[in-house]
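Student: Using only what follows, build the 3D model:
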Amino acid sequence: MNIYCIGDLHLSGDPPKKPMEVFGEHWLGHKEKIKEHWLETVEADDVVIICGDISWAMSLDDAAEDLAWIKALPGHKLLLRGNHDYWWTSLKKMQEKFGKSFTFIQNNCIMINGVAICGTRGWLLPSAEQFTEEDRKIYEREAIRLKMSLDCARKVKAQKIICALHYPPLFAPDEKNAFTSLLEEYKVTHCVYGHIHGLDHVLTFEGERKGVTYKLTSCDTQNFSLYKINIDQ
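Tutor: Next up is the predicted model:
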């Protein structure tokens, strides 16, 4: 079994209601590029974490077409909410409608062969110039949600912990905030995230810091390929 990750699919039906090539020619046919690499890479028993911004749909029913496209691909998919996933609703409603096809990461952890997969959406960081008091409320709430997820992993005595976020948990290599503190406290080995696109990817921190390996996985920064998490490291 392998664990893969990809973020920011930004699906919008077929034909796409919101073609992504408006954000650059490299997005042309991005859905087909993702599918091609996915089919070449993922086996039925593998796990794929999707780090948010999955569909541009505005409601759960409207997201059904995009989720059906993902469902048809191999592997067990774990979904995380992004800032553009307006279709995301209560965990109960999503499980009732799509629970046979997906597992949703929300205030919980998913155990796979002794590895706990935790996460939350995340938010703008206090280090951002545009950070406001309203942002602080959401940031603190997201930190609480991450702690709930990590507490779940600790409770089930996970051998290793992987954390998935939508927003980056840090930018500067020496940045310290609620998210990085929790990742270090709970001895998370890998943290994957998305949200950042294009040339902005150079602003994010990627690599190992204090025992945590950080990796940006938004699909356009990965040539629309899935990132394999090396759980043996």
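Student: so how far is Glu133 from the residue most central in space within the chain?
Tutor: With distances taken as C-alpha atoms, centre = their mean, Cys51 lies nearest the centre of the chain, 1.4 Å away. To Glu133, Cys51 is 27 Å away according to C-beta to C-beta, to the nearest Å. The way it works is simple: take the backbone N, C-alpha and C, and place the C-beta from them, glycine included.
Student: next one: Glu96
Tutor: 36 Å.
Student: go on, Phe179?
Tutor: Phe179 is 19 Å from Glu133, by C-beta to C-beta.
Student: again, but for Cys5
Tutor: In terms of C-beta to C-beta, Cys5 sits 33 Å off from Glu133.
Student: likewise Ser55?
Tutor: 31 Å.
Student: Have a look at these two and say which one is more surrounded.
Tutor: For Ser55 versus Glu133, the count of surrounding residues by other C-beta atoms under 10 Å is larger for Ser55: 26 against 6.
Student: tell me which element His37 falls in.
Tutor: helix 30-41 (DSSP states H and E).
Student: Pull out the buried positions in that helix.
Tutor: Within helix 30-41, the residues that count as buried by 16 or more other C-beta atoms under 10 Å are His30, Lys31, Lys33, Ile34, Lys35, His37, Trp38, Thr41.
Student: Strands of the chain, start to end?
Tutor: 3-6, 47-50, 76-79, 102-104, 110-112, 115-120, 160-165, 190-193, 207-209, 212-216, 227-229 (DSSP state E).
Student: quick one: contacts of the first one?
Tutor: Where contact means C-beta atoms under 8 Å, 6 or more residues apart in numbering, the residues beyond strand 3-6 that reach it are 34, 41-42, 46-51, 75, 112, 115, 117, 162, 164, 192, 215, 217, 219, 222, 225-229, 231.
Student: Buried ones only from the residues you listed, please, as a ChimeraX command.
Tutor: Burial among the contacts of strand 3-6 is assessed by 16+ other C-beta under 10 Å; the matching ChimeraX selection reads:
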select :34,41,42,46,47,48,49,50,51,75,112,115,117,162,164,192,215,217,219,222,225,226,227,229,231
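Student: residue contacts, Leu150?
Tutor: Contacts of Leu150 (C-beta under 8 Å, 6+ apart): Cys109, Cys118, Ile161, Cys163, Leu182, Tyr186, Val188.
Student: farthest-separated two in the residues you listed?
Tutor: Greatest spatial distance in the contacts of Leu150: Cys109 and Leu182, 13.1 Å, computed using C-beta to C-beta.
Student: just for the chain, where's the confidence low?
Tutor: The model of the chain has pLDDT under 70 over residues 233.
Student: Check this protein for its longest helix and report it.
Tutor: Using DSSP state H to define each element, the chain has its longest helix at helix 133-155.
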